[in-house]
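Undergrad: only geometry, no sequence info:
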């Protein structure tokens, strides 16, 4: 969809396409309740768009990234999606501001469950679950060749709120810092289980009240 607005994409199955949906140079996309599986490229790519919501979707096993925001996106909510087993990443905010990432389940991600890049900022990340395939009783569901479970990456960004999330069983880190220093980050009231992170290395930021393994 190019140059469209006020569009509802709901209750569809997208299977083994290149990208499931590309929404470019538009506004007011409402994408809810879709199933995206086994894509050769990315799942959802949104560019130069504002005032939109991607919510309640199942996005599994893309060879690319599950959701990409790029080229001056702003005012977009990515909420309550299940993002599972995607090879190149979960959500990539490449050029996005004023967006919310909330209540998503990121599970067994091959790379960067959430990546906020240097062209993005003023992002709220809250109430998400970043996990591996743990099923209790010290067991994981996946076999030895399928244990990848990536966490969150901040790369030269600023104005980020990361609160009330659960990070569990992730490697190498729950939060990794890459590229130029990320600043003005609030990292608070998160729980880290069987994982560690770079949050204590954040500059000009506030890191407090996180519950971590001893």
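TA: Great, that's in hand. Since the structure is predicted, the reported quantities are computational estimates derived from the model, not experimental observations.

Undergrad: switch to C-alpha atoms for all contacts and neighbour counts from now on
TA: OK.

Undergrad: by contact count, what packs against the helix or strand harbouring residue 125?
TA: Secondary structure from DSSP states H and E places residue 125 in strand 121-126. Applying 3 or more C-alpha pairs under 8 Å, 6 or more residues apart in numbering; DSSP states H and E, we find strand 121-126 packed against strand 96-97, strand 100-102, strand 158-163.

Undergrad: can I get those in TSV with mean pLDDT, distance to residue 47 and mean neighbour count?
TA: Below are the helices and strands packed on strand 121-126 laid out as TSV (pLDDT from 0 to 100; distance: least, C-alpha to C-alpha, whole Å; neighbours: other C-alpha atoms under 10 Å):
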stretch	mean pLDDT	distance to residue 47	mean neighbour count
strand 96-97	98	9	26
strand 100-102	98	16	21
strand 158-163	98	21	20
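
Undergrad: between those, which one is closest to residue 8.
TA: strand 100-102 (19.4 Å; C-alpha to C-alpha).

Undergrad: and that closest one, which strands flank it?
TA: Sheet pairing for strand 100-102, assigned by DSSP bridges, gives strand 73-79 (parallel), strand 121-126 (parallel).

Undergrad: just put the helices and strands packed on strand 121-126 in a markdown table and tack on distance to residue 117.
TA: Listed next are these as a markdown table, based on distance: least, C-alpha to C-alpha, whole Å:
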| stretch | distance to residue 117 |
| --- | --- |
| strand 96-97 | 9 |
| strand 100-102 | 14 |
| strand 158-163 | 9 |
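
Undergrad: looking at those, which is nearest to residue 81?
TA: Distance to residue 81, taken as C-alpha to C-alpha, is lowest for strand 100-102 among the helices and strands packed on strand 121-126, at 8.8 Å.

Undergrad: next secondary structure element downstream of the closest one?
TA: Where DSSP H and E defines the elements, the next helix or strand beyond strand 100-102 is strand 105-107.

Undergrad: what's whichever helix or strand comes after that next one packed up against?
TA: Note on strand 105-107: by DSSP H and E, the next helix or strand toward the C-terminus is strand 114-116. Using 3+ C-alpha pairs under 8 Å, 6+ apart, the elements in contact with strand 114-116 are strand 89-93, strand 152-155.

Undergrad: just name the most buried of those.
TA: Burial of these is given as mean neighbour count (mean count of other C-alpha atoms under 10 Å); strand 89-93 ranks first at a mean of 27.

Undergrad: how about residue 54, what does it touch?
TA: Counting by C-alpha atoms under 8 Å, 6 or more residues apart in numbering, residue 54 makes contact with 29, 30, 31, 32, 76, 77, 78, 79, 81.

Undergrad: try 6 Å this time
TA: Neighbouring residues of residue 54 by C-alpha atoms under 6 Å, 6 or more residues apart in numbering: 31, 78.

Undergrad: where does it land in three-state SS?
TA: Classification of residue 54 using DSSP: H, G, I helix; E, B strand; the rest coil returns strand.
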